[in-house]
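In: A predicted structure for the sequence below; I have some questions about it.
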Amino acid sequence: MAEAGRTVAEAPVTTAAPRSFELRHLGLFVALALLVGVGLVTRPAAFATADNLVSILSLAATIGVITVGATFVIIGGGIDLSVGAVMALASVWATTVATQEFGPVVMAICAILVGTGAGLVSGLLVAYGRLVPFIATLAMLVAARGLAQRMSDRRTQLVRPDNQAIVDLATTRVLGVPLLVYVFALVVVLGWVLLNRTTFGRRTYAVGGNPEAARLAGIDVRRHTMLLYALSGLCCGIAAILIMARTTTGSSTHGDLYELDAIAAVIIGGTLLTGGRGTIVGSILGLLIFTIITNLFILNGLNTSDQLIAKGLIIVVAVLLQRRNLKERTP
Amino acid sequence: MLVMRGIVKQFPGVRALDGVDLDVRAGEVHCLLGQNGAGKSTLIKVLAGAHRPDEGTIELNGVPAAPASPVDAIRLGIATIYQELDLVDGLTVADNIFLGHEHARLGFTDRRAANRAAGEVLARLGHPEIRPSAEVGRLPPAAKQIVSMARALSREARLIVMDEPSAALAHDEVANLFRIIRDLTARGVAVVYISHRMEEIREIGDRVTVLKDGRTIAVGLPARDTPTSEIVSLMTGRDVEYVFPPRASRPPGEEVLRVEGLSAPGAFAGVSFSVRAGEIVGLAGLVGSGRSEILEAVYGARRATGQVLVGGRQVRRAGLLQSVRRDGPLRALRRGGVVESVRLGMGLAPEERKAQALLLDQSVTANITLGGLSGFARLGWLDRARERAEATRLAEALDIRPRDPERPVKTLSGGNQQKAVLARWLLGGRRLLLLDEPTRGVDVGARAELYTVIRRLAEDGIGVLLVSSEVPEVLGLADRVLVLREGTVIHQGDARDLDEHRVLDMIMNGRAA
Amino acid sequence: MTDKVARRGFLVGGLGGAALLAAAGCTSNEPSAAPSAGAAPAPAPSAGGNDQPGTKVTIGFSAPAADHGWIAAIAKNAEAAAKQYPDIDFKPVEPTNDINQQISAVESLVAAKVAALVILPNDGQQLNQVALQATQAGIPVVNLDRVFPDKLAYRTWIGGDNYGMGVAAGHYIGKKLKDKGVTNPVIVEIQGIATLPLTQDRSKGFADALKTYGFSVTAKQDAKFTVETGNQVATSLLQAHKKIDALWNHDDDQGIGVLAAIKEAGRKEFFMVGGAGSLNAMKEIQSGSSVLEATVTYSPTMASSAIKLARLIAQGKGMSDLVENQVPQSITLASETITKENVEKYLPLGFES
């Protein structure tokens, strides 16, 4: 009996993960394949090039980094509406004349510190100030945008030529791929590891899935919640570096409505808005679906209004599909 | 006026009502008695139209009438006042009273008419001081009770069911409640009254019906003349005989928990006891007696004053915070209380397993290791192989079925889910386990298994503090028993010196035998 | 000094209180702001004529909040022009992007009985009513750029020529490609916010001018007047069209993002024309090494002119170089084309994005 129990216990360990992985993201892969199919049919020459793939990844990089952070917050049962504004603030702070004096490394550190600091403030408000996440981060959104406008005097701040190293992230290519795509990939990998291989990740699922159970199991739910928002802020800081690289500027207009795109990507990726369930891979697939739609529409010369309609449809269809998927899997 | 015959209600795995008869006359107060799980709640839900019976007949004034929905029940003149008041906090008193049958014209509510009518009803209940325009959420519990009653009255109910209406009331408020009930019965309204307090039943009740295990044991006993011992006898001696493992052979070891003068306003007061290694201490009492609250306070999940010492170490010091606010409750319990408790070797299996203990979507493994994750981690990095091995070992030790540690815990039966919660606290050398209703929602066979597991844990030198609403369970499993009534310990002693009858007597009559 | 400011700006980088943040925000940009944009572009008052001091007049000013370099320059130019005249009491109201707030801001100026109003409305349609009220209250309204549909609502309109801007860009591109002898050129257009009438006017002018050369726009896509959207749209457009002959970007602000995308893609085979006339764009043009060869103006100097017109109207003067006794009813600025050849002349007028 013990022998039998052992084999039963061990067998799914090796097979369960990949199986559920495929099932979980099947819908997303189908959607992605459909979009690629559309691209191949409508603009074969322009779409299916390595160059276009790289530019899709470059486009996705900034929001992608933010999406990783947003995934953590949402799995942890919260929501961060301030991501776009915090990124804008970090980009502005890093490109002020004062900060630029110190060179590219300090600019990058500055962006990261500003992002993390803003996230920490949101986290404190949510975890210890007992504000509803929606409200706390909405306040952060408005305040960070305002501060960004104030600091930049509503101007677009150029990255100075002697700080070109920042811009090089976008222009320098290794194996034909810009550095910032590597940064994006690195953040995704680190995010995945953090979520799936560490106590922090496990606790994130617990805190989002059942905060009461997590608390009674001895997890410091409030501290963890605060750290989740700080992590989201950190991602915004990194994203700010990438947006500075891509646009050669810091501006209070950066990241407009990023929060909606990031949340949409996370939801399409199968993360529950109520928390406790979700994956990084799903979020990134969701984001790529969005980015490819934009790319396809521009390649085909269609305007942005139609893009918005398509995106809205995708969100609804993706969530409906997932719900069906979920039902089938739940006995 | 109301005659129920052979009512049967089946739930998956449980026969909640197994042939209940009830006979209520107009103008009487009919008391319904029975232990927890005897079927009282299900019965009143059938009356309120929330459940439809599988078998049996209901007649109202000689006419067959089976309420198909809550609306239907109201239409038939049956109103129910639940234990957890079903009022909408954000609405006004008048809105609540007329919820569902508003004073309206073409969809526009007539606030003035509603307020006037509400004022009349409240005055009839002897509470003209409750303003119809006040927000219900701001009212004290007793006033809410009155509002709930006013709602029943406003519907011209002929039969009012009251589920433990006195539980939330102070003494003088109970007197007012009785005055209202007498006023109602004088006008021919029938009242079905559910309470555990014998003295209330004697004062207000006319006849008593006793339920046990979903069946009617006695119908229409005179409330004033039937001796308490007879009623208690009827309630006890349940059919299901639990199999309990033998008690500890060795004497208990050193003290692992000492509680001194633990108090929380409105929940319990001056509670002192201790738990030794290898000992199971049971808390017996009704819902609302403070038993779960004591457990939570010991665990640091609820604010309380007093001292809790674990393993000889004082956990909650009267530190800075208490010196600041000498009068109020010790707030230090809020800050990292549970984290500290877990670090010191406590573990809690809470009452609401699904809501408070489990991550339903997560695997058995993740649920078992939740409380001791850092034991499998180095600098935050999880050693998943070791985690899985340890979880598998524990799952086997407690015989959690099916034997698949990667299975989502929500697919397990109640008993196996409870074992997963217990397994969580077997990690990392616990010294004290707090178990709140460990066998709730667990079928009979699995209960015996759980009892064996709990006893084995004690044999291994863990101190166990057990709360259960089922008196036989506490008596059969625990070494020592504390009997609670309305927040105070009224008896403390060896479990072998007590029997179910005596404990119930203490709980219902409020005196130590 | 620089060091001190820099340190402060950075020190607060961690967290910091709101006051400190604001302080850092205010001070940290000073060094860059000082040399370039200090003086507002307005010719020195000439002797005699309109610039002689007259009766003291209060001029109210309302404009959208600056979320864009061009709007920022508008507010700045207006204020600088007003400062030149001791007989102007300049009364700006808090800029806002909310229609409702702008309406009440204008109402407050009317209530304060200013001598003249200069209004750049968030939306001409929606502010028409309040402008009409001002006019009826006897306060002359100078309508800046975005036009009120009702002519009774304003005394004088001064603004840029969106259609003309498209025409200027179209002519520059058309002529250059014709001279090169290109047939069937790939011409790409990056618009601003597609739903705005001004964007539609620009695109129409562009298409009309190109038509005279027998060319047409191959692809057009809308961005949102921000660096980031410009960058995103350009990145994909460059993928969509492997070979481009010419590109017109409606707005120099979003142009920074467009240029970054072009640089990132390493594309050099085409030339680009900008729009509005920002300082950055002019410097790019001046360098000679950029794909950006020209930009067509839509100059925020119109704000300076509007203030001057308001003063004249309030003082009952005409324009001294014209025969008329009163200021004309409508003045449309010509859209000028800035190239490497004439960029020196325009540099002082360039606005910082």
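Out: Perfect, thanks for sending it. Numbers count the residues shown, from 1 in each chain, chains lettered A, B, ... in the order given.

In: roughly how far apart are the most centrally placed residue in chain A and residue C:108?
Out: Centroid check for chain A by CA atoms, centre = their mean gives residue A:67 as the closest residue, at 0.8 Å. Distance from residue A:67 to residue C:108, counting by CB to CB, to the nearest Å: 44 Å. Heads up, the C-betas are built off the backbone N, CA and C, glycines and all.

In: Test my guess that the residue nearest to the centre of chain A contacts residue A:267.
Out: No - in this structure residue A:67 lies outside contact range of residue A:267 using CB atoms under 8 Å: 10.8 Å.

In: who touches both of the two?
Out: Any residue near both residue A:67 and residue A:267 by CB atoms under 8 Å, 6 or more residues apart in numbering or on different chains counts here, and that gives residue A:286.

In: Residue C:78 against residue C:95, yeah?
Out: No - counting by CB under 8 Å, residue C:95 is not a contact partner of residue C:78; they are 10.7 Å apart.

In: Where do the helices of the stretch 351-500 of chain B begin and end?
Out: Assigned by DSSP state H, counting those that start in this stretch, the stretch 351-500 of chain B shows helices spanning B:364-369, B:384-397, B:414-424, B:444-459, B:471-477, B:500-509.

In: The helix or strand containing residue A:180 and chain B, any residue contact?
Out: Per DSSP states H and E, residue A:180 falls inside helix A:179-197. Yes - for helix A:179-197, a contact with chain B is found by CB under 8 Å from any CB of the partner chain, at residue A:197.

In: How far off centre is that helix?
Out: Once both centres are worked out by CA atoms, centre = their mean, to the nearest Å, helix A:179-197 turns out to sit 11 Å from its chain's centre.

In: quick one: average pLDDT of it?
Out: Helix A:179-197 comes out with an average pLDDT of 95.

In: quick revisit: touching both of residue C:78 and residue C:95, which residues are there?
Out: With CB under 8 Å, 6+ apart, residue C:78 and residue C:95 have common neighbours residue C:63.

In: quick one, which of these two is more surrounded?
Out: When neighbours are counted by other CB atoms under 10 Å in any protein chain shown, residue C:78 comes out ahead of the other of residue C:78 and residue C:95, with 27 against 22.

In: does the nearest residue to that one once chain neighbours are set aside sit in a helix, a strand or a coil?
Out: Spatial nearest neighbour of residue C:78, excluding adjacent residues (CB to CB, 6 or more residues apart in numbering or on different chains): residue C:303 at 4.2 Å. Secondary structure state of residue C:303, per DSSP: H, G, I helix; E, B strand; the rest coil, is helix.

In: So for chain B, the centremost residue is which one?
Out: residue B:287 (3.9 Å).

In: tell me the SS of that one?
Out: coil.

In: Alpha carbons of stretch B:483-499, in CSV - could you do that?
Out: Taking C-alpha atoms only, stretch B:483-499 is exported to CSV below (Å, rounded to 0.1, in the frame of the first residue of the first chain):
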residue,chain,number,x,y,z
VAL,B,483,-17.5,24.7,30.6
LEU,B,484,-18.3,28.1,29.3
ARG,B,485,-21.5,30.1,29.7
GLU,B,486,-21.8,33.6,28.3
GLY,B,487,-18.1,34.4,28.4
THR,B,488,-17.2,33.0,31.8
VAL,B,489,-15.8,29.6,32.9
ILE,B,490,-18.4,28.0,35.1
HIS,B,491,-16.7,24.7,35.6
GLN,B,492,-13.3,23.3,35.2
GLY,B,493,-12.4,19.6,35.8
ASP,B,494,-11.5,16.2,34.6
ALA,B,495,-13.5,15.0,31.6
ARG,B,496,-14.2,11.6,33.2
ASP,B,497,-16.1,13.2,36.0
LEU,B,498,-18.6,14.7,33.7
ASP,B,499,-21.3,13.4,31.4
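
In: Any residues of the stretch 1-150 of chain A in contact with chain C? List them.
Out: So far as CB under 8 Å from any CB goes, the stretch 1-150 of chain A lies against chain C at A:43, A:45-46, A:49, A:51-52, A:55, A:58-59, A:93, A:96-99, A:101-102, A:106, A:110, A:113-114, A:117, A:120-121, A:147, A:149-150.

In: Starting from chain C, give me the distance back to the closest residue to chain A within the stretch 301-450 of chain B.
Out: Relative to chain A, the nearest point of the stretch 301-450 of chain B is residue B:342 (2.9 Å; CB to the nearest CB). Between residue B:342 and chain C the computed distance is 31 Å (CB to the nearest CB, to the nearest Å).

In: Point me to the helix or strand that includes that residue.
Out: Per DSSP H and E, residue B:342 falls inside helix B:337-343.

In: right, and residue C:116 touches residue C:314 too?
Out: Yes - with contact defined as CB under 8 Å, residue C:116 reaches residue C:314; the gap is 4.1 Å.

In: Now the common contact residues for these two.
Out: Listed as contacting both residue C:116 and residue C:314 by CB under 8 Å, 6+ apart are C:57, C:59, C:140.

In: Nearest to chain A among the residues you listed?
Out: Of the shared contacts of residue C:116 and residue C:314, the one sitting nearest to chain A (CB to the nearest CB) turns out to be residue C:59, at 23.1 Å.

In: what pLDDT does that closest one get?
Out: 96.

In: Please consider this matter closed, and thank you.
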